[in-house]
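J.: next come a sequence and a model predicted from it.
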Amino acid sequence: MSSPNAESTAFRSALEVIRAVEPRIADAIGAELADQRESLKLIASENYASPATLLAMGNWFSDKYAEGTVGRRFYAGCQNVDTVEALAAEHARELFGASHAYVQPHSGIDANLVAFWAILADRVESPALKRAQVRQVNDLTEEDWFALRRELGDQRMLGMSLDAGGHLTHGFRPNISGKMFDQRSYGTDPATGLIDYDRVAAAAREFRPLILVAGYSAYPRKVNFRIMREIADSVGATFMVDMAHFAGLVAGKVFTGDFDPVPHAHIVTTTTHKSLRGPRGGMVLCGPELADQVDRGCPMVLGGPLPHVMAAKAVALAEARRPDFADYAQRIVDNAQALAEGLLGRGATLVTGGTDNHLVLIDVSGYGLTGRQAEQALLDSGIVTNRNAVPQDPNGAWYTSGIRIGTPALTTRGLGAAEMDATAELIHTVLSQTTPGSNADGTPSKAKYVLDPALADKVSRQATDLLSTHPLYPSVTLT
Ligand SMILES: *Cc1c(COP(=O)(O)O)cnc(C)c1O
């Protein structure tokens, strides 16, 4: 451990240097720390990276171009980038027990695009694609481009539906994956809210996808990846798992056996900034069969890698390999379960009736609210969450009927079961005291709501009190 004093000095000095050029940015950075310290952050996809991870990003690695892979770069002078990328990949392989790790993707969506193209290149006989891989994509002739579109155009993907907790990048229209693939989705059982593997198998038999995708951003349960792999095998599909949300639970060995995607999937993608607690970024893990194709992520999908972010990935992955990370991962789940019990005990309705991962999905229609109303009322009360569709959501993807809450961030701050119960009390208080508002013409509004400002203030103060015993970055003082 570095001394607390070193962390304070590092951030203070950085701000002093920035302030000399653009003081408003230094102020905004300071204000962001203050805001994050004061808010009860329950956004399931967010976390707080360590000072070491954050500091690894602010340096001259940011200035390097390093297209290519370790030892095979299109630029000279990449020996230190090679060190960084090789170390990040080694930590990733060791942590997850994968034979190959590609740590260049700039984000989760990029990691998925790299995986999709790797699978297409591996599975689809496309002369145009082969030519595209030999040259850079922007060297494609017009003719090759149209040939590529024709040859790849009707490939199929089966993924989890958005309202059941799937992700936009799994073949949905607003995302490019929805334009690349003919997509169909599997949902959850309307009675239990759980994935019904027999129905996934039936959908796979009927649709015969090239790619079966598992992974989610709003499903509060474990997924049995062994069964999903059997389904993929039964129809000759490549099985891909996007563990963006729960990578930290895999790293911390909370998800093992059938629930660890790495031994079961052909290819695994993830973000590094959610439960894994690293810098913003993405990563791909795979076996030797897809490794060469995955390594062509740059230039097929990505531009130059971000060496400063790869440095931070190496630091965060090194942290995740330490024994205390397993303890952290277990506490994330314990806290989510305590939060779920606290809410259920007070009468809230939860999708699937609880959780066995890091997130809880409240069906706020039980409080007579839309997700949009609930999200804003909670925000007024110092509780940061996000609205999310519930299965077969009558309010659609914009207003929604759900509130998604997650525990990775608060667990990093050190909050435990007692504080989770207190958090459940605050959430329940706000939601049960909020009523839907109406439009100017008297019709009911899906966005407006009525909440006594005095109550919102009171809950905000209680939220701040709850956090005061678990300060964020206790070692860092900026003044
Ligand atoms: C968050 C998320 C992504 C996208 O990650 P970005 O880094 O925001 O691009 C992809 N897939 C899943 C399942 C996610 O939850």
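T.: All right, it came through fine. Quantities reported herein were computed from a predicted structural model and do not represent experimental measurements. Residues are numbered from 1 along each chain as shown.

J.: roughly how far apart are residue 394 and the ligand?
T.: Using C-beta to the nearest ligand atom, to the nearest Å, residue 394 is found at 24 Å from the ligand. C-beta: built from backbone N, CA, C; applies to glycine.

J.: so what's that residue closest to, chain neighbours aside?
T.: Spatially, and ignoring its direct neighbours in sequence, residue 394 is nearest to residue 401 (6.5 Å; C-beta to C-beta, 6 or more residues apart in numbering).

J.: so that neighbour makes contact with residue 363?
T.: Yes - with contact defined as C-beta atoms under 8 Å, residue 401 counts as touching residue 363 (5.9 Å).

J.: out of those two, which sits in the busier spot?
T.: Higher neighbour count among residue 401 and residue 363: residue 401, with 29 against 19, using other C-beta atoms under 10 Å.

J.: list the contacts of the more buried one.
T.: Residue 401 sits next to 363-365, 370-371, 389-390, 393-395 when contact means C-beta atoms under 8 Å, 6 or more residues apart in numbering.

J.: who wins for most neighbours among the residues you listed?
T.: Of the contacts of residue 401, with other C-beta under 10 Å as the count, residue 371 tops at 30 neighbours.

J.: now do that one against residue 90, distance only.
T.: Computed with C-beta to C-beta, to the nearest Å, the distance linking residue 371 and residue 90 is 42 Å.

J.: quickly note the distance from residue 321 to residue 441.
T.: 60 Å.

J.: what pLDDT does residue 138 get?
T.: With respect to pLDDT, residue 138 scores 56.

J.: residue 2 now?
T.: 72.

J.: what does residue 180 give?
T.: For residue 180, the model assigns a pLDDT of 86.

J.: helices of the stretch 101-250 of the chain, residue ranges please.
T.: Secondary structure of the stretch 101-250 of the chain (DSSP state H, counting those that start in this stretch): helices at 108-123, 127-134, 142-152, 176-180, 197-207, 225-234, 247-251.

J.: looking at the ones you listed, spot the one closest to residue 327.
T.: helix 247-251 (12.0 Å; C-beta to C-beta).

J.: and the nearest residue to residue 16 once chain neighbours are set aside, how far from residue 339?
T.: If the residues on either side of it in the chain are set aside, residue 16 comes closest to residue 26, at 7.9 Å by C-beta to C-beta, 6+ apart. Computed as C-beta to C-beta, the residue 26 to residue 339 distance reads 36 Å.

J.: okay, the two: which has more neighbours?
T.: A count of neighbours by other C-beta under 10 Å puts residue 339 above the other of residue 26 and residue 339, at 28 against 18.

J.: which residues does that one contact?
T.: Residue 339 touches 360, 405, 407, 420-421, 423-424, counting by C-beta under 8 Å, 6+ apart.

J.: mind telling me what element it is part of?
T.: helix 323-345 (DSSP states H and E).

J.: what residues of that helix count as buried?
T.: Of all the residues in helix 323-345, those buried under the rule 16 or more other C-beta atoms under 10 Å are 325, 328-329, 331-344.

J.: same question for stretch 222-231.
T.: Quick answer for stretch 222-231 (16+ other C-beta under 10 Å): 222-225, 227-229, 231.

J.: pull the residues that contact it.
T.: 195, 197, 200-201, 204, 212, 214-216, 237, 239, 241, 255, 257-261, 264-265, 356-357.

J.: which of these count as buried?
T.: 195, 200-201, 204, 212, 214-216, 237, 239, 241, 255, 258-261, 264-265, 356-357.

J.: state the pLDDT value of the single nearest residue of the stretch 351-479 of the chain relative to the ligand.
T.: Going by C-beta to the nearest ligand atom, the ligand is nearest to residue 359 of the stretch 351-479 of the chain, at 10.4 Å. Per-residue pLDDT puts residue 359 at 98.

J.: show me which residues of the protein sit near the ligand.
T.: 45, 107-109, 167, 169, 215, 217, 242, 244-245, 271, 282 (C-beta under 6 Å from any ligand atom).
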